[in-house]
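Novice: sequence and predicted structure are below.
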Amino acid sequence: MPRPESTVRRRQWGAESRVTPLPTTHPKPSDEKITLARAAIVLTVALWVLYVIWTILRQFINNEIGGFRFTMEAFSYLVVVTFLTFSALMYLLARHGALQRFRAYERTPRAEIDRHFAGKDSAITVLVPSYREEPDVVRATLWSACLQEFPSVRVVLLVDDPPHPSDPSAAEDLERTRGLADEISQELSEPAARFEAARLDFEHDGATGDASADAVRRLAEHYAWAAEWISHKAETEKREDHVDDFFVNQVLLGLAGDLATTGRALATAADRDETLPAARMLELHQRLERIFRAEVATFERKLFASLSHEANKAMNLNAYIGLMGGSYRIEETPSGRVLRPVTDARQADLVIPDTEYILTLDADSLLLREYCLRLVHFMEQPGNERVGVTQTPYSSFRGAATRIERLAGATTDLQHILHQGKTHYDATFWVGANAVIRKAALEDIVETETSGGFVVKRYVQDRTVIEDTESSIDLGTHGWSLANHPERLSYSATPPDFGSLVVQRRRWANGGLLIMPKLVRQVRERRARGERVRLSEILLRVNYMASITWASFGLLFLLAYPYDSRLLSPVVLMAALPYFIAMGTDLRYSGYRFSDILRIYGFNLILLPVNLAGVLKSIEQALTGRKIPFARTPKVRNRTSVPVIYLLSPLAIIAFSVLTFMRDVQVGNWGNAAFAAFNAILATYATIAYIGIGNMIVDLWRAAIGWLFVEVPPKAPPAPPEDAEPDWRAVLYYGDESVGTLRHELTHVEAAEPAPAKQATPSREEVAS
């Protein structure tokens, strides 16, 4: 059913016109480009040293200081400039590492990969955590996972919505989401049966040596049929935005074109009466069969009282990973259904297979067809036995309909380059949108505790809201490494409006400081084991986890405090030039404009309060010991409203910059005046372009009148009389003392969230299919 017109996002002026994604493999950089990258690093360090000597130390040596205030200003200004220069230097260092990796990378031919997996039963479980996502968004993600060319793929949608929503639209979306597994399985059944039969027929013929031309022709016909089947599916897909276009063009038609090309090559060989080795023919038959035979299932942890219901993505993943490899019987208790392990799978209501590899995939991400093949092939090469996580840092979907989505995509594509460079220095971080993980590595870092009589396993840490970063440190502590594969094989949505961007960036800014002690412990333990820990790795990791903190506070000081003009120097600007020139070059390399460096600067200015809020939340968690609630980035097409503080803060930055400019002009402090004017202009542009005056007025009006409305909580049922007969099941399960209170609490919960009429124990098919 097509969406109403109002939900289809209109294209803004200044949105992205490019719709073709960047090439899968990075072009090899020239020697000149790598030389310039090294020169940028040396020049940045040299100019910083020159500034310290010429501007700071000269003031003290010549006795030009103006007392205690000037001394403190000089010290604080030097600290701010040093930290900001350090972050710029880490950008240049990571960029240099990426260029070296791109130059050295040689792509493995497809035939060698097919040969590697021929006859193997390698299996991978794809876990897609989902919380109140649009069913169409989830559906595309599941299809991209199902069409992976891998020996055995099991895709599990981990639905984390409230299981019995009272809102009719939420209930409708939940039912559609629950039905996706059956829908996809039914569509795949026809090609899966056809190509399994074709492979069995070929094996039954018992061909040895070279296969006949007739066998080659039949295989060509199968490839042509598969390409036609996928092309027909692509024609029936709705295309309402650039993400839909990517799914159709790159995921579906990309695979169809690859299969059609292979089919034409086979047909040409058959027409020329050429033959192929039987082993290669079998590999090509297996490829067709594997593309279409994925198993798709749905799992909901909130249906079971024995699993953790903590509201974050990490525990959604942990709940299912902890069940893998086990058989369970579903038992009804007064607190809800619980899963009891059983040793005999024949007596189980739920059997969850175990696999050597796990792929975690966000519900708004899409994979290209060779993602699993190439990443697992890399992990199974000699010398990579201790690689616990590998990934391709996600790229953005091109053709963004809004200006802010385009710019957020630009920063995403820059991060792709930087993450590739971190691997060169062994400083890789797990980026949670997609990653292939060895199950054995997760078993090494698992933490087990007991809650309410049930075992809770934590594989992915949920202490902070950046769970993938903390787990990266845990893996390194246990002797596992992480690596980024130098290709573009994964894509993920970027926030299309300022409201959803606030949610995402506030979460990203929260947690890095809390993980720093773990990094110190990891370095100490690795060195104790005799491992070499390079200084470049430590510096890149520290910058990744803490740079938002010092960059936010540093920029705040530069904006707010009127530093003495004697501390300003052209050398400071010259020290920043290599960073900005390199960023502009990387933007142009990624298909954007060099001038986007100015837009990104203004973009970061209006995000300053958001980053500060995330940092302060980290400090709050460190002081109180309480977890910060996990805020999911909305993955929907409608606009997300913005909290008032993040609407007023950009206006305050603009107003303060204008006042600073006027004051500095009056006193002749021309350096500070120029900086204030620069900030005022770019912050004004960013506010208009990325927040929007109309959206700002709407959100401010909503906030102004919102306090007039009070949400009426559901009416709690009256407490049962003290002499009421307790439920005998509750007495036996909980014990006599807590029965009365607990029965009332359970009744209150049921009144707040009505359950469906039928509460029968689900069958294995209902739970796992």
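Specialist: Received the coordinates, thanks.
Novice: residue 383 - that's part of a strand, no?
Specialist: No. Read with DSSP: H, G, I helix; E, B strand; the rest coil, residue 383 is coil and lies in no strand.
Novice: skipping adjacent residues, who's closest to residue 618 in space?
Specialist: Spatial nearest neighbour of residue 618, chain neighbours left out: residue 513 (4.7 Å); criterion: CB to CB, 6 or more residues apart in numbering. Heads up, the C-betas are built off the backbone N, CA and C, glycines and all.
Novice: which helices and strands sit right next to the helix or strand harbouring that neighbour?
Specialist: Per DSSP states H and E, residue 513 falls inside helix 512-528. Helix 512-528 is packed against helix 467-477, helix 535-560, helix 608-624, with contacts defined by 3 or more CB pairs under 8 Å, 6 or more residues apart in numbering; DSSP states H and E.
Novice: switch those over to TSV; also include mean neighbour count.
Specialist: Conversion of these to TSV gives the following (neighbours: other CB atoms under 10 Å):
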stretch	mean neighbour count
helix 467-477	24
helix 535-560	18
helix 608-624	18
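Novice: correct me, but residue 227 touches residue 254?
Specialist: No. In this structure residue 227 lies outside contact range of residue 254 using CB atoms under 8 Å: 11.1 Å.
Novice: got the phi and psi for the residue nearest the centre of the chain?
Specialist: In the chain, the residue lying closest to the centroid (CA atoms, centre = their mean) is residue 433, at 2.4 Å. Here is the backbone geometry of residue 433 (degrees, to the nearest 10): phi -60, psi -30.
Novice: repeat for residue 324
Specialist: According to degrees, to the nearest 10, residue 324 has phi -60, psi 140.
Novice: residues touching the closest residue to it other than its chain neighbours, list them.
Specialist: Closest residue to residue 324 apart from its sequence neighbours, by CB to CB, 6+ apart: residue 354 at 4.8 Å. By CB atoms under 8 Å, 6 or more residues apart in numbering, residue 354 lies in contact with 324, 325, 439.
Novice: on the three-state scheme, residue 354 is what?
Specialist: Residue 354 is classified as coil under three-state DSSP.
Novice: distance of it relative to residue 127?
Specialist: Distance from residue 354 to residue 127, counting by CB to CB, to the nearest Å: 13 Å.
Novice: do the same with residue 595
Specialist: Separation of residue 595 from residue 127 (CB to CB): 41 Å.
Novice: output the contacting helices and strands for the longest helix seen in the chain.
Specialist: Among all segments of the chain classified by DSSP state H, the helix with the greatest residue count is helix 68-104. The elements that helix 68-104 packs onto, with contact taken as 3+ CB pairs under 8 Å, 6+ apart, are helix 31-51, helix 403-424, helix 535-560, helix 570-589.
Novice: tell me which of these sits nearest to residue 463.
Specialist: Among those, helix 535-560 comes nearest to residue 463, with 13.8 Å by CB to CB.
Novice: ok, which stretches of the stretch 151-300 of the chain are helices?
Specialist: 168-178, 180-205, 213-236, 242-246, 253-271, 278-292 (DSSP state H, counting those that start in this stretch).
Novice: list the buried ones in the third one?
Specialist: Spelled out, it's helix 213-236. 213, 215-216, 218-220, 222-227, 229-231, 234 (16 or more other CB atoms under 10 Å).
Novice: with adjacent residues omitted, what lies nearest to residue 559?
Specialist: residue 679 is the one closest to residue 559 (CB to CB, 6+ apart), at 6.4 Å.
Novice: my guess is residue 327 contacts residue 339. True?
Specialist: No. In this structure, residue 327 is not within contact of residue 339 by CB under 8 Å, at 9.8 Å.
Novice: between the two, who's got more neighbours?
Specialist: Under the criterion of other CB atoms under 10 Å, the comparison of residue 327 against residue 339 puts residue 339 first, with 24 against 20.
Novice: other SSEs contacting the strand or helix carrying the more buried one?
Specialist: Assigned by DSSP H and E, residue 339 falls within strand 336-342. Under the contact criterion of 3+ CB pairs under 8 Å, 6+ apart, strand 336-342 touches strand 326-333.
Novice: again, only this time at 10 Å
Specialist: On a contact count with 3 or more CB pairs under 10 Å, 6 or more residues apart in numbering; DSSP states H and E, strand 336-342 meets strand 326-333, strand 350-352, strand 454-458.
Novice: for residue 156, find the nearest of those strands.
Specialist: strand 350-352 (8.6 Å).
Novice: partner strands of the helix or strand that that closest one is followed by, parallel or antiparallel?
Specialist: Per DSSP H and E, strand 350-352 leads on to strand 357-361 as the next helix or strand towards the C-terminus. Strand 357-361 has its sheet partners listed here by DSSP bridges as strand 123-130 (parallel), strand 434-438 (antiparallel).
Novice: out of those strands, nearest to residue 53?
Specialist: strand 434-438 (45.2 Å).
Novice: what average pLDDT does that closest one get?
Specialist: For strand 434-438, the mean per-residue pLDDT is 96.
Novice: other SSEs contacting the very next helix or strand once past that strand?
Specialist: Counting by DSSP H and E, the next helix or strand C-terminal to strand 434-438 is helix 439-445. Taking 3+ CB pairs under 10 Å, 6+ apart as contact, the helices and strands that helix 439-445 lies on are helix 313-321, strand 357-361, strand 387-391, strand 454-458, helix 467-477.
Novice: mind saving the C-alpha coords of helix 439-445 as CSV?
Specialist: Written as CSV, here are the backbone C-alpha positions of helix 439-445 (Å, rounded to 0.1, in the frame of the first residue of the first chain):
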residue,chain,number,x,y,z
LYS,A,439,31.1,-16.3,18.5
ALA,A,440,34.2,-17.5,20.3
ALA,A,441,35.4,-13.9,20.8
LEU,A,442,32.0,-13.0,22.4
GLU,A,443,32.3,-16.0,24.7
ASP,A,444,35.6,-14.7,25.9
ILE,A,445,34.3,-11.4,27.0
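Novice: what's the following helix or strand after that helix?
Specialist: strand 447-451.
Novice: what are the pairing partners of that following strand, and which direction each?
Specialist: strand 454-458 (antiparallel).
Novice: picking that back up, what's the separation between the residue nearest to the centre of the chain and residue 127?
Specialist: 13 Å.
Novice: before we move on, the earlier item: neighbours of the residue nearest to residue 559, how many?
Specialist: 23.
Novice: relative to residue 650, how far out is it?
Specialist: Taking CB to CB, one finds residue 679 at 11 Å from residue 650.
Novice: overlap in contacts, those two.
Specialist: Common contact partners of residue 679 and residue 650 (CB atoms under 10 Å, 6 or more residues apart in numbering): 602, 605.
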